[in-house]
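S.K.: could you work out the structure for the sequence below:
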Amino acid sequence: MTTAARLPVKPAGADPAWPDDAIEVGRIVDAWGLKGWIKVQPFAADPQALFSSRRWFILPSEKAGVARPVGVVGSLPTLLKITQVKDHGEVVVALAQEVPDRTAAEAMRGARVFIGRASFPTPEPDEFYWIDLIGLDVFNREGAALGAVVGLIDTGPHSVLRVMPAGETKQEAERLIPFVGAYVDEVRLEYRRIIVDWGLDY
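M.R.: Predicted structure coming up:
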C-alpha cells in the first residue's frame, strides 16, 4: 500500500485537538458543486485514509507563508468534520459541517489536509504505508548496513526504496531498491528495519 503522505507535523500553537501523529494526505484544490462540497487532490494512489477518518485537520498552503493552523488566521476552520466523502475520478470530494456553501468551499482552496496516522485503515499483512517505511534502516542478508529509507518512488507496477547511507547527502550515493519480493526479504516495523537481498556493490 503506497500512501505518498508527508511526514508528521504538529504546528506551533496548534489546537490541543491536533493529533501528534498528523500526516499530510492531500490538498483542497477547489469547490465542487453549489452546496459546499470541497475537491481534494490526494497524495496517495489509493486514498483510503481520506475515507477512514471523519476528522480532517487543516493548514493553509505553504505559499501563504503561515506556519500555523488556518483557524488562527481569519475565519477558516482548523478542523473539518466530514459528513460525506466520495471518490470522483482522480480526486476525492467531501462535505463538511464547517463549510456551508460554495463561497466557503472556494475559500479553502490550497489548504493542506492532515489526518492522524492512527485513523488510517489497517493494511494487509504484506502491505505498508510509505510513511511507515521512511526512516527505517536497511540491511542486506549478510547483516551489512545499506543506509536508511529517505523516500520512495512510485513507478506504477511497484515502488522503489530510496536508501541513503549514513552521513551521505549526495544523490550519487543513493541506492534504489525495488520494493518487491525478489529483493525485499522482510520488513520489521517493530525493529525499524528492512532486510533485503542487495549487495554493497550494487
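
S.K.: break the protein down into its structural domains.
M.R.: The chain breaks down into these domains under automatic domain parsing: 22-119, 134-196.

S.K.: how far does the first one sit from the chain's center?
M.R.: It stands for domain 22-119. Mean C-alpha position of domain 22-119 versus that of the full chain (Cα atoms, centre = their mean, to the nearest Å) differs by 14 Å.

S.K.: and it, average pLDDT?
M.R.: Mean pLDDT, computed over domain 22-119, is 86.

S.K.: so V180 touches L161, yeah?
M.R.: No: if you go by Cβ atoms under 8 Å, V180 and L161 don't touch, sitting 10.1 Å apart. Backbone N, C-alpha and C define where each C-beta goes, glycine included.

S.K.: need the helices for the protein, in chain order.
M.R.: Taking DSSP state H as the criterion, the chain carries its helices at 48-52, 102-106, 130-133.

S.K.: adding mean neighbour count and distance to L146, write the ones you listed out as JSON lines.
M.R.: Output for the helices of the chain, formatted as JSON lines (neighbours: other Cβ atoms under 10 Å; distance: least, Cβ to Cβ, whole Å):
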{"stretch": "helix 48-52", "mean neighbour count": "18", "distance to L146": "29"}
{"stretch": "helix 102-106", "mean neighbour count": "16", "distance to L146": "46"}
{"stretch": "helix 130-133", "mean neighbour count": "20", "distance to L146": "14"}
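
S.K.: and those helices: which comes nearest P11?
M.R.: Closest approach to P11 among the helices of the chain is made by helix 130-133 (17.9 Å; Cβ to Cβ).

S.K.: rounded mean pLDDT for the closest one, please.
M.R.: For helix 130-133, mean pLDDT rounds to 90.

S.K.: how far is it from where the chain is centred?
M.R.: Chain-centre distance of helix 130-133: 9 Å, with Cα atoms, centre = their mean.

S.K.: what do you get for stretch 105-123?
M.R.: Between the centre of stretch 105-123 and the centre of its host chain there is 9 Å, according to Cα atoms, centre = their mean.

S.K.: ok, now stretch 193-202?
M.R.: Centroid separation between stretch 193-202 and its chain, computed with Cα atoms, centre = their mean, is 26 Å.

S.K.: before we move on, what about stretch 174-183?
M.R.: With Cα atoms, centre = their mean as the basis, stretch 174-183 stands 21 Å off its chain's centre.

S.K.: average pLDDT across that stretch?
M.R.: 94.

S.K.: list the buried residues in that stretch.
M.R.: Going by neighbour count (16 or more other Cβ atoms under 10 Å), the buried part of stretch 174-183 is 174-175, 177-179, 183.

S.K.: do stretch 120-136 as well
M.R.: Neighbour counts over stretch 120-136 (16+ other Cβ under 10 Å) mark 120, 128-134, 136 as buried.
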